[in-house]
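J.: Output the structure for:
(one chain, ligands or ions: 1)
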Amino acid sequence: MSNEILIHAERGVMTITLNRLDRKNSITLAMYSAMADAMAAADADPAIRVVVVQGHETVFSAGNDIGDFLNRPPGGMDSPAFRFLRGLPAFSKPLLAAVCGPAVGIGTTMLFHCDLVYAGDNAAFSMPFVNLGLCPEAASSLLVPQMLGYHRAAEALLLGEPFMAEAALEVGLVNRVVPPTEANAVAQAIAHKLAAKPIAALVATKRLMKQGQQQRVLQQMADEGTVFSRLLVEPAAREAFNAFMEKRKPDFSKLQGGTT
Ligand code: COA
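T.: Below is the predicted model of the structure:
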């Protein structure tokens with residue numbers, strides 16, 4: 001495994017660091033696998049009480065690697081990306097994130113499954129699925145309207161408009177906005193504070209807060225996955241991915257309407 005995902009465990013806290021800066025921490029199949037494996041191992045390991053996901057002070061993640069979307073689209077629900085996604089709502093222990101700079105696609109949608117999120121004041125959240133010919137994932141079509149309200153969710157998911165750290169704080173997606181150089185350290189400090197608490201009580205409290213819609217979240221994820229997989233190989237998405245790779249604007253004008 002390359003060092004594009006760094007895993008570090010210390011005093012009950014596992015930290016998963018996205019470390020592919022030359023590609024803006026976009027996530028490849030191998031990186032999804034490494035993160036899914038790390039989270040499963042953390043959940044099973046009594047020595048780990050809390051997990052933190054972090055990026056760099058300039059960028060959290062540019063979302064799925066677009067070359068992978070083009071050349072190696074997820075083949076089924078067992079693909080590394082879907083495995084990582086399913087692991088998010090299933091994760092039983094506290095899950096924290098430190099987010100600075102762009103958080104695109106899964107870089108934003110994974111945050112709806114985190115218990116606490118700390119953002120640099122440069123954080124920019126975006127879910128440009130429609131602009132890429134895709135639909136939401138990670139149950140974001142359920143969780144974003146719930147948190148933002150329908151009309152702000154429509155701006156984020158239909159228009160694909162980014163929103164900044166202060167707006168994310170206002171709607172409750174992040175807990176605190178701090179200077180980018182401090183975000184990872186703040187998340188670490190809170191993680192260690194949590195790790196000192198009784199783990200059974202933490203796990204039980206998280207489960208009780210989440211259990212009301214756990215099944216609905218998993219069902220929404222599965223429904224999204226079916227549509228997402230189909231859209232990934234349709235002409236609109238292919239045009240969007242090729243346009244990104246060729247550094248040009250996509251042209252959807254010649255495409256016919258679909259019924260997906
Ligand atoms: N997949 C693959 N490569 C990516 C990538 C992605 N998701 N995001 C960025 N990169 C690559 C760029 O192609 C560029 O490569 P190059 O150096 O060979 O030209 C490099 O990373 C730097 O990206 P760049 O766009 O120049 O950085 P920026 O600071 O101007 O913009 C982003 C950063 C994140 C806003 C921008 O890269 C972006 O919008 N990326 C695509 C996000 C996306 O649509 N993701 C899919 C979500 S479902």
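J.: What residue, apart from its backbone neighbours, is nearest the closest residue to the ligand within the stretch 101-250 of the chain spatially?
T.: Per Cβ to the nearest ligand atom, G105 is where the stretch 101-250 of the chain lies closest to the ligand, at 2.8 Å. C-beta coordinates here come from the backbone N, C-alpha and C atoms, glycine included. Distance criterion Cβ to Cβ, 6 or more residues apart in numbering; nearest residue to G105, sequence neighbours excluded, is G63 at 2.9 Å.
J.: Measure how buried the one you found is and give me the count.
T.: 25 (other Cβ atoms under 10 Å).
J.: which residues sit in contact with it?
T.: G63 makes contact with S26, I27, V104, G105, I106, G107 under the criterion Cβ atoms under 8 Å, 6 or more residues apart in numbering.
J.: Tell me the pLDDT of the first one.
T.: Yep, that's S26 we're talking about. Listed pLDDT for S26 reads 98.
J.: And the helices in the stretch 151-260 of the chain?
T.: 165-171, 180-195, 199-210, 214-232, 235-245 (DSSP state H, counting those that start in this stretch).
J.: Nearest to A139, out of the ones you listed?
T.: helix 214-232 (4.3 Å; Cβ to Cβ).
J.: Tell me what the closest residue to M164 other than its chain neighbours is bridged to.
T.: Distance criterion Cβ to Cβ, 6+ apart; nearest residue to M164, sequence neighbours excluded, is A124 at 5.8 Å. Applying DSSP bridges to A124 yields these beta-bridge partners: P102, M164.
J.: ok, the residue nearest to G105 to M245 distance?
T.: Counting by Cβ to Cβ, to the nearest Å, the separation of G63 from M245 is 14 Å.
J.: picking up where we left off before, need the contact list for the residue of the stretch 101-250 of the chain closest to the ligand.
T.: G105 makes contact with S61, A62, G63, N64, S126, M127, P128, F129, E137, according to Cβ under 8 Å, 6+ apart.
J.: Just the residues you listed: which are in strands?
T.: Taking DSSP state E as the definition of strands, those contribute S126.
J.: could you redo the contacts of G105 as TSV and give each row distance to G172 and pLDDT?
T.: TSV is the format used below for the contacts of G105 (distance: Cβ to Cβ, whole Å; pLDDT from 0 to 100):
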residue	distance to G172	pLDDT
S61	21	99
A62	24	98
G63	22	98
N64	25	98
S126	18	98
M127	16	98
P128	22	98
F129	22	98
E137	21	97
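J.: Compare the contacts of G105 and tell me which has the most neighbours.
T.: Ranking these using other Cβ under 10 Å puts M127 first, with 29 neighbours.
J.: Among the contacts of G105, which ones lie close to the ligand?
T.: By Cβ under 6 Å from any ligand atom, the members of the contacts of G105 lying near the ligand are A62, G63, N64, P128, F129.
J.: Could you list which of those residues belong to helices?
T.: Among those, none falls in helices (DSSP state H).
J.: any chance of those in CSV, plus distance to L202?
T.: Shown next, in CSV, are these (distance: Cβ to Cβ, whole Å):
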residue, distance to L202
A62, 32
G63, 30
N64, 31
P128, 35
F129, 33
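J.: For the chain, what lies in contact range of the ligand?
T.: Near the ligand, when you scan the chain using Cβ under 6 Å from any ligand atom, you find 23-24, 26, 62-67, 102, 104-105, 128-129, 132.
J.: what's the distance between the residue of the stretch 101-250 of the chain closest to the ligand and A42?
T.: 23 Å.
J.: ok, now which ones touch the residue most central in space within the chain?
T.: By Cα atoms, centre = their mean, the chain has its centre lying nearest to M110, at 2.6 Å. With contacts defined as Cβ under 8 Å, 6+ apart, the neighbours of M110 are V53, L88, A97, A138.
J.: try 7 Å this time
T.: Listed by Cβ atoms under 7 Å, 6 or more residues apart in numbering, the contact set of M110 reads L88, A138.
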